[in-house]
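A.B. asks: any chance you could fold what I've pasted below:
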Amino acid sequence: MTSNLPATYQEVFRTDKGVVYQCDTTNRLILEFWDTHTALSARDFTYFRRMVETIDVRQMALSTDAAYDVEILTPPRSERCYVLTLCEIVHLRELLAGAKLMLELNTILRECGCSVAE
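C.D. replies: So this is what the prediction gives:
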């Protein structure tokens, strides 16, 4: 993963396959996956996460048809295109779900008046 990140990037969630950062300066979430960075608004992040969640991984796993070997995804308002295998979709789902959970937890902590430790 990248070591030369802007100081404004705060790590939200990390797996061995990627990282999601939050940038308060630009109000964006930055998805680092496959050593690429994709900046998304909170709304676009949610839309992309739902897009990934709706992929029928069971059908991909069970089908012998070549059409189910990969899934092509384009995040909203992005020029990036992901061509993902079944395993990569599972890894991306894990990353996006973990980031969603951490963002929700941070929101709950702020609402309770708790400070989020860095």
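
A.B. asks: residue ranges with poor pLDDT in the protein?
C.D. replies: Regions of the chain meeting the criterion pLDDT under 70 cover residues 1-3, 115-118.

A.B. asks: tell me where this protein has helices.
C.D. replies: In the chain, the segments counted as helices under DSSP state H are 42-53, 57-62, 86-111.

A.B. asks: mind putting these into TSV with distance to Asp16 and mean neighbour count?
C.D. replies: Placement of C-beta: from N, CA and C, glycine included. TSV is the format used below for the helices of the chain (distance: least, Cβ to Cβ, whole Å; neighbours: other Cβ atoms under 10 Å):
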stretch	distance to Asp16	mean neighbour count
helix 42-53	18	17
helix 57-62	19	12
helix 86-111	8	16
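
A.B. asks: so which of these is nearest Val19?
C.D. replies: Of all the helices of the chain, helix 86-111 sits nearest to Val19, with 7.7 Å by Cβ to Cβ.

A.B. asks: tell me what that closest one is packed against?
C.D. replies: strand 9-14, strand 18-23, strand 28-33, helix 42-53, helix 57-62, strand 82-84 (3 or more Cβ pairs under 8 Å, 6 or more residues apart in numbering; DSSP states H and E).
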